[in-house]
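Engineer: show me how the following folds:
(one chain, ligands or ions: 2)
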Amino acid sequence: MLKGKVAVVSGSAQGLGKAFTHILLENGAQVAMLDVNHVMGQELQVQLNHQYGSDRTQFFKADVSSDQQFTDVFQEIISKFGHINIFCNNAGIADEKNWEKTVSINLSGVVRGTYLALDHMKKENGGNGCVIINVASLAGLGPFPSAPVYTATKHGVVGFTRAISMASQVSGYGVRINALCPSFVRTTLIDSFKQEDKTGQFYNLVSLTQSLIDKFTLIEVEQVAKAFLHLIKDESVNGAALVVKSEGAAYVTFPKEVETTPISL
Ligand SMILES: NC(=O)C1=CN([C@@H]2O[C@H](COP(=O)(O)OP(=O)(O)OC[C@H]3O[C@@H](n4cnc5c(N)ncnc54)[C@H](O)[C@@H]3O)[C@@H](O)[C@H]2O)C=CC1
Ligand SMILES: CCCCCC(=O)/C=C/C=C\C=C\C=C\[C@@H](O)[C@@H](O)CCCC(=O)O
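Structural biologist: Numbers count the residues shown, from 1 in each chain. Ligands and ions are numbered 1, 2, ... in the order given. Here you go, the predicted model:
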């Protein structure tokens, strides 16, 4: 299904990015894995070489919060694979204490990756069939009180995706751009909410977070990967947000007009 397609996944050394890499490979794509953690990334590449063959993946070390590193690695990927058809901005952290770093990775990193990919896809490949997936969160659609900056970055990813997808369509780029919004997933990221050096002033809200996790229940990376694949294949959507919860996946219906309650001045 994805034979001949080249995909890039950021934050692919573990967690959701690793699961996205697996499902892309299982469906015939070649995958450029990008991560700041080169030890885990290189270990994974060795494992994937054994499993899928040595020509299917290559690991590239880069920090998505660095303009220079992201731009350089993007060129390296083009030199290695020739072109890119699928680009997934997945790298993310949950660090309320160092909240500026969270903004730089979760939001600025997504904008950076989308612009690099869009520029390449529209010029080199005429856009046709190219797709960008931005990993947001259910926290991009509603408040996650113990992580307000994380929530802001994910709302930002959803808003950016909706606007840039329209810009792509109106400009005739032929590139679809969609957002993936999982609820809590069993990865190492989840540990962040129990670490005081990550939660900062919101450490007192640990039990509130736990009750949200209990309400939504942890989902497995493989379930999110299936939704990710659906979003790649579904050519009918652009600017969509696909929610993934334990009970299944569903597209968000955004209101054409927001509901308001008038006040008298
Ligand atoms: N685990 C969860 O409950 C949910 C996660 N998400 C989102 O999914 C994405 C992936 O998260 P997980 O797999 O859960 O986390 P994870 O912590 O398991 O994996 C994140 C990966 O991103 C890499 N990374 C971090 N900062 C980076 C940077 N500056 N440049 C390049 N790579 C970097 C890490 O080295 C790691 O390999 C994130 O955007 C996260 O916000 C969304 C909803 C729920
Ligand atoms: C710090 C731990 C990592 C967090 C990873 C992550 O992104 C998890 C998010 C999970 C969901 C939290 C959102 C809660 C939102 C509610 O406030 C609710 O309003 C959402 C409404 C949408 C719905 O369909 O239920």
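
Engineer: what residues sit buried inside stretch 79-90?
Structural biologist: For stretch 79-90, burial by neighbour count (16 or more other C-beta atoms under 10 Å) applies to Phe81, Ile84, Asn85, Ile86, Phe87, Cys88, Asn89, Asn90. In short, each C-beta sits where N, CA and C put it, glycine included.

Engineer: and ligand 1, which of those contact it?
Structural biologist: When contact is defined as C-beta under 6 Å from any ligand atom, the buried residues of stretch 79-90 meet ligand 1 at Asn90.

Engineer: tell me the one of the buried residues of stretch 79-90 nearest ligand 1?
Structural biologist: Asn90 (4.9 Å; C-beta to the nearest ligand atom).

Engineer: mind listing what the closest one touches?
Structural biologist: Val9, Ser10, Gly11, Ser12, Leu16, Gly17, Phe20, Ile133, Val135 (C-beta atoms under 8 Å, 6 or more residues apart in numbering).

Engineer: how many neighbours does the residue in the stretch 51-200 of the chain positioned nearest to ligand 2 have?
Structural biologist: Nearest residue of the stretch 51-200 of the chain to ligand 2, counting by C-beta to the nearest ligand atom: Gly142, 2.4 Å away. By other C-beta atoms under 10 Å, the residues close to Gly142 number 11.

Engineer: kindly report the same for Lys5.
Structural biologist: 20.

Engineer: pretty sure it contacts His83?
Structural biologist: No. With contact defined as C-beta atoms under 8 Å, Lys5 does not reach His83; the gap is 9.2 Å.

Engineer: show me where the stretch 1-150 of the chain has its helices.
Structural biologist: Counting by DSSP state H, counting those that start in this stretch, the segments of the stretch 1-150 of the chain that form helices are 15-26, 38-52, 67-81, 99-103, 109-124, 148-170.

Engineer: any chance of the buried residues of stretch 79-90 in a markdown table, plus distance to Met166 and pLDDT?
Structural biologist: Below are the buried residues of stretch 79-90 laid out as a markdown table (distance: C-beta to C-beta, whole Å; pLDDT from 0 to 100):
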| residue | distance to Met166 | pLDDT |
| --- | --- | --- |
| Phe81 | 29 | 96 |
| Ile84 | 22 | 96 |
| Asn85 | 21 | 97 |
| Ile86 | 20 | 98 |
| Phe87 | 18 | 98 |
| Cys88 | 20 | 98 |
| Asn89 | 18 | 99 |
| Asn90 | 22 | 98 |
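
Engineer: which secondary structure elements does the longest strand along the chain sit against?
Structural biologist: Taking DSSP state E as the criterion, the chain has its longest strand at strand 175-182. Contact analysis of strand 175-182 by 3 or more C-beta pairs under 8 Å, 6 or more residues apart in numbering; DSSP states H and E lists helix 109-124, strand 130-135, helix 148-170, helix 221-233, strand 241-245 as its packing neighbours.
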